[in-house]
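Visitor: This is a predicted model, with the sequence first.
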Amino acid sequence: MLPFKTSIGLYTDYYELTMAQGHFLNNRHEERSCFDYFFRKNPYNGGFVVFAGLSSFIEMLQSFRFDEKDCEYLEQQGFDKNFINYLRNFEFKGNIHAVREGEIIFPYEPVLHVEGTILETQLIETLLLNILNFESLIATKACRCKLAAGDKTLMEFGLRRSQGFGGINASKAAIIGGFDATSNVYSASLYHLNSSGTMAHAWIQSFNDELKAFRTYAKHFPEDCVLLVDTYDTLKSGIPNAVIVARELEEKGYRLKGIRLDSGDLTYLSSKARKQLNKAGLEYVKIIASNQLDEYIIESLQIQGAPIDSFGVGTSLATGQEDAALDGVYKLSLFNGNPTIKISDNIAKMTLPGIKTVYRFFDEDGLFDADGIAFKDEGDFEIIHHPFETDKQKSIKGLKKEELLTKVMEGGNITYTSPSPYEIAEYVHSRLKQLPNEHKRFLNPHVYKVGITTNLMDERNNLAKQYLKKDF
Ligand SMILES: Nc1ncnc2c1ncn2[C@@H]1O[C@H](COP(=O)(O)OP(=O)(O)OP(=O)(O)O)[C@@H](O)[C@H]1O
Ligand SMILES: O=P(O)(O)OC[C@H]1O[C@H](OP(=O)(O)OP(=O)(O)O)[C@H](O)[C@@H]1O
Ligand SMILES: O=C(O)c1cccnc1
């Protein structure tokens, strides 16, 4: 579903268009090419990334067109008339292979590649990076909150402090990462997400009488009533008033859904609140906590044994704190049928040539053991090498393996059925169970092994030698 306009060809960087025109005017725009998408560093100093944004990207790609207004704009910018005419009929007609949305992925793996003409594969770079980097960043943050929260409920509250309209995709990505619902009604309606909410301090302030504010809300929403109890005095006023309203609801055959704590020591207050509620026979009333939460605070609250049933997480989630961006890149790996690389003095920044795929290897317990990057048509191999410290290698002989990349688009047509965000979340959950715990901890997680095959290493090193005239 598209959040905005129906033609989004201009949702790109200027240089993509100048390069496209350059290829077109030099009549090389139909050369066969391939680009890889990968990232180099896990965000949040974590041990993994949740791959998200594939369905958003594929869907938006269908609208990557240039309408008359777009063409007029390009004409005003001085682009060539023949090139603009070409863009008028532009549609992406390439092929895309990718890992499943929700897959757990690691640095340097080409988790998606785009094949087609140089013009079309280059032109979609910005859109692809914009969507995949952001949704993956937020889904990963959400997943970390989920790891901390276990089976407690998670609500996403970030729209008001997200980076502008990024909040639309952030809410979807939060669900992919394991959140149960969002306060973002726009995203909920667009992507069929569960929407939910409580009440703001302003509601209570507007009555200047907490009990009246609670009663009025309960009257209108007797089945979905969560009372915010910290406006004046949580323990002396908020909870006692919530108990009164809960009893009044019981008399009418309803149950107060919950109370929300939004300040103070959440362990202290939730413990006291639980006691007061239980003493009043209101064991069923849930305790919801919010206030600048993130995965670290949630983990700490869990360890402290805070009797919180549900966490509301806003700013840190929707903005991907502390990282703000995933450094995913899109690099040319094939041009005119020939493998190509980007050279760097830093071998870690050198790219991998050719059309590739990724295999996941499993240990005898069915857990992820290592991933191997290979040429697409390479056949069997028994060793993978560390991508940069190539004297380090690992035998994967006899290990069960799974190819991670499958075709999701052929000739511009979608060839897979995109799961819903909740279905993707289920996949994330199932894959996390297969990820050994040492990669999931927040502090100094163990580095997951990603290797390259001997053939791929040789091809990269040979190409590098041609350019640098030095040995690897
Ligand atoms: N028991 C706890 N353990 C760890 N962190 C907590 C605990 N309780 C609250 N926090 C977190 O501490 C941070 C600051 O809370 P603090 O009480 O200083 O702010 P506040 O309640 O918003 O302040 P104020 O009472 O002035 O509104 C928040 O991020 C909150 O989630
Ligand atoms: O802290 P976050 O993780 O970003 O979660 C969202 C925050 O937004 C709201 O506060 P705000 O002060 O905006 O409004 P309010 O008056 O309803 O509390 C809410 O009460 C949370 O504290
Ligand atoms: O529904 C809520 O409680 C809510 C919504 C947005 C931001 N903070 C809280």
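Guide: That came in fine, so what should we check first? Ligands and ions are numbered 1, 2, ... in the order given.
Visitor: From now on I want contacts and neighbour counts done on CA atoms only, so please keep to that.
Guide: OK.
Visitor: what about stretch 262-279 and ligand 3, any contact?
Guide: No - residues of stretch 262-279 contacting ligand 3 under Cα under 6 Å from any ligand atom: none, with a closest distance of 8.8 Å.
Visitor: Any buried residues in that stretch, and which?
Guide: Along stretch 262-279, the positions that meet the burial threshold by neighbour count (16 or more other Cα atoms under 10 Å) are Asp262, Leu266, Thr267, Leu269, Ser270, Ser271, Lys272, Ala273, Arg274, Gln276, Leu277.
Visitor: List the contacts of it.
Guide: With contacts defined as Cα atoms under 8 Å, 6 or more residues apart in numbering, stretch 262-279 is touched by 228, 230, 234-235, 239-240, 243, 261, 283, 285, 287, 289-291, 301, 304-308.
Visitor: And for stretch 110-123?
Guide: Stretch 110-123 is touched from outside by 12, 16-17, 20, 23-24, 28-38, 92-99, 105, 335, 355-358, 373, 404-405, with contacts defined as Cα under 8 Å, 6+ apart.
Visitor: Now render the buried residues of stretch 262-279 as TSV, adding pLDDT.
Guide: Supplementary listing: the buried residues of stretch 262-279 in TSV, determined by pLDDT from 0 to 100:
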residue	pLDDT
Asp262	98
Leu266	98
Thr267	98
Leu269	98
Ser270	98
Ser271	98
Lys272	98
Ala273	98
Arg274	98
Gln276	98
Leu277	98
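Visitor: ok, so of those, who is nearest Thr415?
Guide: Nearest to Thr415 among the buried residues of stretch 262-279 is Asp262, at 45.8 Å by Cα to Cα.
Visitor: Contact partners for the residue in the stretch 51-200 of the chain positioned nearest to ligand 2?
Guide: For the stretch 51-200 of the chain, the residue positioned closest to ligand 2 under Cα to the nearest ligand atom is Ala200, at a distance of 3.4 Å. By Cα under 8 Å, 6+ apart, the contact set of Ala200 is Leu228.
Visitor: oh, and call the first residue 51 from now on, that's how I've got it
Guide: Okay, residue one is now 51; in that scheme the one you just asked about reads as Ala250.
Visitor: quick one, phi psi at it?
Guide: The phi/psi pair for Ala250 (degrees, to the nearest 10) reads phi -100, psi 160.
Visitor: For it, give its distance to Tyr282.
Guide: Using Cα to Cα, to the nearest Å, Ala250 is found at 13 Å from Tyr282.
Visitor: Same question for Thr171.
Guide: For Thr171, the distance to Tyr282 under the criterion Cα to Cα works out to 58 Å.
Visitor: cool, and Ile188?
Guide: When Cα to Cα is applied, the distance between Ile188 and Tyr282 equals 34 Å.
Visitor: Settle it for me: which of these two has more neighbours?
Guide: Set side by side, Ile188 and Tyr282 show unequal neighbour counts under other Cα atoms under 10 Å, the larger going to Ile188 at 35 against 14.
Visitor: what about that one, which SS state?
Guide: Per DSSP: H, G, I helix; E, B strand; the rest coil, the local secondary structure of Ile188 is helix.
Visitor: State the pLDDT value of it.
Guide: Model confidence at Ile188, expressed as pLDDT, equals 98.
Visitor: Quick check on Thr203: phi, psi?
Guide: Summarising the backbone geometry of Thr203 under the convention degrees, to the nearest 10, its torsions are phi -80, psi 140.
Visitor: Next one: it from ligand 1, what distance?
Guide: 16 Å (Cα to the nearest ligand atom, to the nearest Å).
Visitor: Just grab the bridge partners of that residue for me.
Guide: According to DSSP bridges, the residues that bridge with Thr203 are Ser360.
Visitor: what sits against it?
Guide: By Cα under 8 Å, 6+ apart, the neighbours of Thr203 are Phe229, Asp230, Asp359, Ser360, Phe361.
Visitor: who does Glu460 bridge with?
Guide: Glu460 has the following beta-bridge partners by DSSP bridges: Asn463.
Visitor: Surely it touches Phe142?
Guide: No - no contact is recorded between Glu460 and Phe142 when judged using Cα atoms under 8 Å, the distance being 10.0 Å.
Visitor: In terms of packing, which of these two has more residues around it?
Guide: Phe142 (20 against 16).
Visitor: Spit out the contact partners of Arg194.
Guide: Gly227, Glu345.
Visitor: secondary structure class for it?
Guide: helix.
Visitor: can the buried residues of stretch 312-329 go into TSV with extra columns for secondary structure?
Guide: Supplementary listing: the buried residues of stretch 312-329 in TSV, determined by three-state DSSP:
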residue	secondary structure
Asp312	coil
Leu316	helix
Thr317	helix
Leu319	helix
Ser320	helix
Ser321	helix
Lys322	helix
Ala323	helix
Arg324	helix
Gln326	helix
Leu327	helix
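Visitor: Which of those residues sits closest to Val379?
Guide: In terms of Cα to Cα, no member of the buried residues of stretch 312-329 lies closer to Val379 than Asp312, at 38.7 Å.
Visitor: Please tell me how far the closest residue to ligand 3 within the chain sits from Leu306.
Guide: Proximity to ligand 3, evaluated over the chain using Cα to the nearest ligand atom, is greatest for Gly247 at 3.1 Å. Going from Gly247 to Leu306 by Cα to Cα gives 14 Å.
Visitor: So if I had to pick from those two, which one is more boxed in?
Guide: For Gly247 and Leu306, the more surrounded residue by other Cα under 10 Å is Leu306, and the numbers stand at 25 against 17.
Visitor: where does the more buried one land in three-state SS?
Guide: Three-state assignment for Leu306 (three-state DSSP): coil.
Visitor: correct me, but it touches Pro272?
Guide: Yes - Leu306 is in contact with Pro272 according to Cα under 8 Å; the separation is 7.3 Å.
Visitor: Between these two, which contacts overlap?
Guide: Leu299.
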